[in-house]
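Colleague: Give me coordinates for this.
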Amino acid sequence: MKSMSESEIKKFLDEWTWGTLIAIEGDKPYAIELSYASDGNYIYCGSMPGGRMSQCIKDNANVAFKICDSSKDTSRFRAVIVEGQVKKLTQKDEIVKGLRVLYKKLGLPESRIEPRADQLTAKAPKSSFYRITIRELGGRAIGY
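Modeller: As a prediction, the model looks like this:
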């Protein structure tokens, strides 16, 4: 097993579109799977408005984000963890910036960014669009 370099980790983050957001709920972890995109400094993602994750993030901004890939027999695997702080985005310019990164990665049309940003801005107190500041990166791999 080898540690992945920062460039290998960022390449792996760019390769995938689905990961696990892990937060703290009281004194225990809580996790959800969601689509995401990274610009190298931040990870942009969203969850259900007013859901359990929203409450976790409101109470504690420290989160981890995890993605993994493995062959069926586990002879090859890669796993990355990002640790950072999450911020609920409520300002339209911040939301548009994040949506541009996310929509580009997911192959969604740019024409949908402004209307979606307007929806999220209108629901600002209950917004479910987040930006995770990447503070720590770690990764391990076998067979890559």
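Colleague: Could you list the residues in contact with the helix or strand of the chain with the lowest mean pLDDT?
Modeller: Using mean pLDDT, DSSP states H and E, helix 52-59 stands out as the lowest-scoring helix or strand of the chain, at a mean of 90. Contact with helix 52-59 is made by 21, 23-26, 30, 32, 47-48, 63, 86, 88, 126, 128, 130, as judged by CB atoms under 8 Å, 6 or more residues apart in numbering. Using the backbone N, CA and C atoms, a C-beta is placed for each residue, glycine as well.
Colleague: List the buried residues for it?
Modeller: By neighbour count on 16 or more other CB atoms under 10 Å, the buried set for helix 52-59 is 53-54, 56-57.
Colleague: Report the buried members of the contacts of helix 52-59.
Modeller: 21, 23-24, 32, 47, 63, 86, 88, 128, 130.
Colleague: want to try TSV for those residues, with pLDDT and distance to Arg140 as columns?
Modeller: Output for these, formatted as TSV (pLDDT from 0 to 100; distance: CB to CB, whole Å):
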residue	pLDDT	distance to Arg140
Leu21	97	20
Ala23	96	23
Ile24	95	23
Ile32	95	23
Ser47	83	27
Val63	97	20
Val86	96	24
Lys88	91	31
Ser128	85	31
Tyr130	95	26
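Colleague: Sort out which residues of the longest helix belonging to the chain are buried, please.
Modeller: With secondary structure taken from DSSP state H, the chain has its longest helix at helix 92-106. Of all the residues in helix 92-106, those buried under the rule 16+ other CB under 10 Å are 94-103, 105.
Colleague: and the gap between Pro29 and Arg76?
Modeller: 27 Å (CB to CB, to the nearest Å).
Colleague: How about Leu34?
Modeller: Leu34 is 25 Å from Arg76, by CB to CB.
Colleague: Which of these two has more residues huddled nearby?
Modeller: Leu34 (17 against 13; other CB atoms under 10 Å).
Colleague: Correct me if wrong: the more buried one contacts Trp18.
Modeller: Yes - Leu34 lies in contact with Trp18 (CB atoms under 8 Å); the separation is 7.3 Å.
Colleague: Extract the C-alpha trace of the longest strand along the chain and format it as PDB.
Modeller: Counting residues, the longest strand found in the chain (DSSP state E) is strand 129-142. C-alpha atoms of strand 129-142 as PDB (Å, rounded to 0.1, in the frame of the first residue of the first chain):
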ATOM      1  CA  PHE A 129     -25.600  24.000  -1.300                       C
ATOM      2  CA  TYR A 130     -22.300  23.800   0.500                       C
ATOM      3  CA  ARG A 131     -18.600  24.600   0.000                       C
ATOM      4  CA  ILE A 132     -16.100  22.500   1.900                       C
ATOM      5  CA  THR A 133     -12.700  24.300   2.300                       C
ATOM      6  CA  ILE A 134     -10.000  21.600   1.800                       C
ATOM      7  CA  ARG A 135      -7.700  21.700   4.800                       C
ATOM      8  CA  GLU A 136      -6.200  18.200   4.800                       C
ATOM      9  CA  LEU A 137      -5.900  15.600   2.100                       C
ATOM     10  CA  GLY A 138      -4.900  11.900   2.500                       C
ATOM     11  CA  GLY A 139      -5.000   8.900   0.300                       C
ATOM     12  CA  ARG A 140      -3.800   5.300  -0.100                       C
ATOM     13  CA  ALA A 141      -3.700   3.000  -3.100                       C
ATOM     14  CA  ILE A 142      -2.700  -0.500  -4.000                       C
END
